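In: need a structure here:
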Amino acid sequence: MSSSSRSIPASSPSQPTAPQLKWLHRGLTQAGGKLPLFDETGRRVSRRTVMSCIERGWAEPWFANPLKPDWLVCRLTQAGRTLAATK
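Out: Here you go, the predicted model:
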């Protein structure tokens, strides 16, 4: 069984990229650790950034948006909060 065929576990020691860390850091000041859907200039946060943070256990889906079901509303996990607070 090859480990390369499995997804990255939440305990992975991988380091976040600059966009991932920037996104995670913004959740530190929001109620419940809510992560933004848009960046500071109004552009939608990359789905790739969102999904990679979820796969690494730094963010988790929070709730479904009934008005925009394709928008993934997320919040920080404890691991994401710790990572963002120390970087």
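In: Now do the strands in this protein.
Out: 59-64, 72-76 (DSSP state E).
In: In the first one, which residues are buried?
Out: Right, the one you point to is strand 59-64. By neighbour count with 16 or more other CB atoms under 10 Å, strand 59-64 contains the buried residues 59-60. Every C-beta, even on glycine, is put in place using the N, C-alpha and C of the backbone.
In: which residues sit against that strand?
Out: By CB atoms under 8 Å, 6 or more residues apart in numbering, the residues outside strand 59-64 that reach it are 24, 27, 32, 34-35, 50, 53-54, 72-77, 80.
In: Repeat that for the last one.
Out: Judged by CB under 8 Å, 6+ apart, the contacts made with strand 72-76 from elsewhere in the structure are 24, 27-28, 32-35, 37, 47, 50, 53-54, 58-65, 84.
In: swap in stretch 37-55?
Out: 7-8, 16-17, 19-20, 23-24, 35-36, 59-61, 71-74, 80.
In: Mind checking which of those residues are buried?
Out: Among the contacts of stretch 37-55, those buried by neighbour count (16+ other CB under 10 Å) are 16, 20, 23-24, 35, 59-60, 72, 74, 80.
In: possible to save these as JSON lines with distance to T41 and pLDDT?
Out: Listed next are these as JSON lines, based on distance: CB to CB, whole Å; pLDDT from 0 to 100:
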{"residue": "P16", "distance to T41": "21", "pLDDT": "94"}
{"residue": "Q20", "distance to T41": "18", "pLDDT": "96"}
{"residue": "W23", "distance to T41": "13", "pLDDT": "97"}
{"residue": "L24", "distance to T41": "18", "pLDDT": "97"}
{"residue": "L35", "distance to T41": "17", "pLDDT": "97"}
{"residue": "A59", "distance to T41": "21", "pLDDT": "98"}
{"residue": "E60", "distance to T41": "26", "pLDDT": "97"}
{"residue": "L72", "distance to T41": "20", "pLDDT": "89"}
{"residue": "C74", "distance to T41": "20", "pLDDT": "97"}
{"residue": "G80", "distance to T41": "23", "pLDDT": "97"}
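In: Cool, thanks, talk later.
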